[in-house]
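S.K.: Give the three-dimensional model of this entry:
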Amino acid sequence: MKKEFSKLLWKLIVIIFILILLSAPILFITKILQYYSYPKTEAKILSVYNYQRSNNNYKQEIEYGSRIKLEYIVNGKKVNGWLEYNIDSIRKEGETIEIAYNPDNPLQCRMVNEKGDVLMVVLLIGVIIYILWIFKKISKFNKNDDRG
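M.R.: As a prediction, this is how the structure comes out:
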């Protein structure tokens, strides 16, 4: 009885772990996909602010990031939006990039990077398939263990 309960508990833990791992890519993909339906426009980079922050703990971890201020036209009006990244940006002031903006709130924008986004989606799908494959192997192992 204890052995069956521990196997059931183990399977439940694995299923919960898989669901958690699957939720992150799904949330990421849904966040990206909405921008593909949004209008696109050219935006001029007004400023790029790369920064480093250190946490005041004993490890002295350094956090890198960048904030990019943009100017673009929506319905004949100039809009200043921001892009934020967790890495230093290689973009320069004065460059022009393509963005997609939320028509309900034009301040919300995202740089259009179709190759990078498609690559990220393909990698996430690959990870999901790999996790499901591992789960299948674990299930077969447990079934063989039950017979023996």
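S.K.: Angles on the backbone of the most centrally placed residue in the chain, please.
M.R.: The C-alpha lying nearest the average C-alpha coordinate of the chain belongs to F28 (C-alpha atoms, centre = their mean; 4.3 Å). Backbone torsions of F28, given as degrees, to the nearest 10, read phi -60, psi -50.
S.K.: So it versus I129, what's the distance?
M.R.: For F28, the distance to I129 (C-beta to C-beta, to the nearest Å) stands at 16 Å. No exception for glycine: its C-beta is placed from N, CA and C like everyone else's.
S.K.: ok so, going back, tell me, what's the model's pLDDT at the residue nearest to the centre of the chain?
M.R.: Among the per-residue scores, F28 shows a pLDDT of 73.
S.K.: so it sits right up against M120, yeah?
M.R.: Yes - counting by C-beta atoms under 8 Å, a contact exists between F28 and M120, whose distance comes to 7.4 Å.
S.K.: so who does K40 touch?
M.R.: In this structure, K40 makes contact with 98-101, 112, judged by C-beta atoms under 8 Å, 6 or more residues apart in numbering.
S.K.: Dig out what it forms beta bridges with.
M.R.: A100 (DSSP bridges).
S.K.: between the contacts of K40, which is nearest V74?
M.R.: Distance ranking of those against V74, using C-beta to C-beta, places Y101 first at 6.4 Å.
S.K.: Which residues are in contact with the closest residue to that closest one other than its chain neighbours?
M.R.: Nearest-residue entry for Y101: C109, 4.2 Å, with adjacent residues in sequence omitted and distances by C-beta to C-beta, 6 or more residues apart in numbering. The contact partners of C109, by C-beta under 8 Å, 6+ apart, come to 43, 70, 72, 81, 83, 99-102.
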